[in-house]
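Enquirer: return a 3D structure for these sequence lines:
(one chain, ligands or ions: 1)
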Amino acid sequence: MGHPQSLPLPATAGIERDRTVKVAFLTKLFGENKALDGVGFEAGRGELVVLLGRSGSGKSTLLRHLNGLEVPTSGQVQVLGEDLSSLTGSSLRRLRSRVGFIFQQFELVPSLTVLENVLTGSLAVVRGPRLGLFGYGKARRLTALEHLETVGLLQLAYQRADTLSGGQQQRVAIARALMQEPEILLADEPVASLDPESSDQVMNLIRDIARSKGLTVVCSLHQVDLALSWADRIVGLRHGKVVLNTLTENMTREEAMGIYGQVEVATITSEFQAIAEELDTPGHRERIARDLATAAATTRAGRKAP
Ligand SMILES: Nc1ncnc2c1ncn2[C@@H]1O[C@H](COP(=O)(O)OP(=O)(O)OP(=O)(O)O)[C@@H](O)[C@H]1O
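Expert: Okay, here's the model as predicted:
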């Protein structure tokens, strides 16, 4: 797959960008389990950073630290110039309102129209009861329609959300996140439920929005080719550790595959070694012979039974 070019890189590309996300020495323990182990990376405005890694490598946990949904066991998380560990209550809520989040399962309200779903993205700032569309005010409804135009779904504004395809629903979820006017967009496996064509469309949209609006996007993926096609930078995670942090333009597919491949080969090799060593012991050979003899005797006894 070639590197799609829908918008030029922002003028800041290649030079030091405004670092909106800074993570250093981040470790997270869940009981005995080290989900993150000394993680460090940075992301800047207009940049799409993909966290790439197999299931359980720590991608979601890392994303959740970026809007204060998880508290580090140790290390620092700085977002939009604020040290998250120093924020609580209203200051944490204020920061979160500048950070949008989209998920694998879209999380739309199926019975509401597309437009109503988008409008719910402004709930954090709208006060009082909202009775359908008109509870939001004209300006907000216009903004929601503008965001629907950005994601290419203006014509579906008054359709129920559950009549849309998965790719369209994810685009609605992106429009909903834009209602917050976020400076950072976090995306947790946003295309994991989509077919390849819709995945490309959604990733293309996410990258365009990052560039045109100067948003920092941190997005978890497990598909190497998608990451190589759309990310500006790939941060590879394995067992909670950063094993790769490189601009995509400087990266080969083999390097990206190494995030998975090396661990698999290493694991399989060591598992094979362990089995081979065990098979080689006289005790093991005796046990197999005994089990085979028992199985044969059981079969014979079964055949004799009336
Ligand atoms: N709330 C939690 N309590 C206990 N363990 C957790 C919790 N959240 C994550 N973990 C563990 O932390 C590790 C990393 O999980 P995480 O969900 O961050 O990985 P991931 O790369 O996002 O995987 P996936 O792609 O499957 O979502 C796993 O071992 C997981 O079981």
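Enquirer: what are the pairing partners of the helix or strand harbouring Val243, and which direction each?
Expert: Val243 belongs to strand 241-247 when elements are defined using DSSP states H and E. If you go by DSSP bridges, strand 241-247 pairs up with strand 233-238 (antiparallel).
Enquirer: where does pLDDT dip in the chain?
Expert: Residues of the chain meeting the criterion pLDDT under 70: 1-17, 123-135, 261-285, 287-289, 291-306.
Enquirer: all strands in this structure, in order from the N-terminus.
Expert: 19-30, 33-44, 48-52, 74-79, 82-83, 99-102, 184-188, 216-221, 233-238, 241-247 (DSSP state E).
Enquirer: could you name the helices and strands sitting against the fifth one?
Expert: In terms of contacts (3 or more C-beta pairs under 8 Å, 6 or more residues apart in numbering; DSSP states H and E), strand 82-83 is not packed against any helix or strand. Glycine gets a C-beta too; all of them are placed from N, C-alpha and C.
Enquirer: pull the distance from it to the chain's centre.
Expert: Strand 82-83 has its average C-alpha position 22 Å from the chain's average C-alpha position, going by C-alpha atoms, centre = their mean, to the nearest Å.
Enquirer: around the ligand, which positions in the stretch 101-250 of the chain sit nearby?
Expert: Selection of the stretch 101-250 of the chain residues close to the ligand by C-beta under 6 Å from any ligand atom yields His222.
Enquirer: quick one, helices of the stretch 101-250 of the chain?
Expert: 114-119, 138-150, 166-178, 196-213, 224-230 (DSSP state H, counting those that start in this stretch).
Enquirer: so which of those gets nearest Gln78?
Expert: Closest to Gln78 of the helices of the stretch 101-250 of the chain is helix 196-213 (C-beta to C-beta; 19.5 Å).
Enquirer: before we move on, the earlier item: which of the helices of the stretch 101-250 of the chain sits most buried?
Expert: Sort the helices of the stretch 101-250 of the chain by mean neighbour count, taking mean count of other C-beta atoms under 10 Å, and helix 114-119 sits at the top with a mean of 27.
Enquirer: may I have that helix exported as PDB, CA atoms only?
Expert: Provided in PDB are the C-alpha atoms of helix 114-119 (Å, rounded to 0.1, in the frame of the first residue of the first chain):
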ATOM      1  CA  VAL A 114     -27.100  11.400  13.400                       C
ATOM      2  CA  LEU A 115     -27.400  15.200  14.200                       C
ATOM      3  CA  GLU A 116     -28.600  14.500  17.700                       C
ATOM      4  CA  ASN A 117     -25.700  12.200  18.300                       C
ATOM      5  CA  VAL A 118     -23.300  14.800  17.200                       C
ATOM      6  CA  LEU A 119     -24.900  17.400  19.400                       C
END
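Enquirer: give me the contacts around it.
Expert: For helix 114-119, the surrounding residues in contact (C-beta atoms under 8 Å, 6 or more residues apart in numbering) are 108-109, 130, 132-133, 136, 140-141, 144-145, 147-148, 153, 156-161, 164, 172-173, 175-176, 179.
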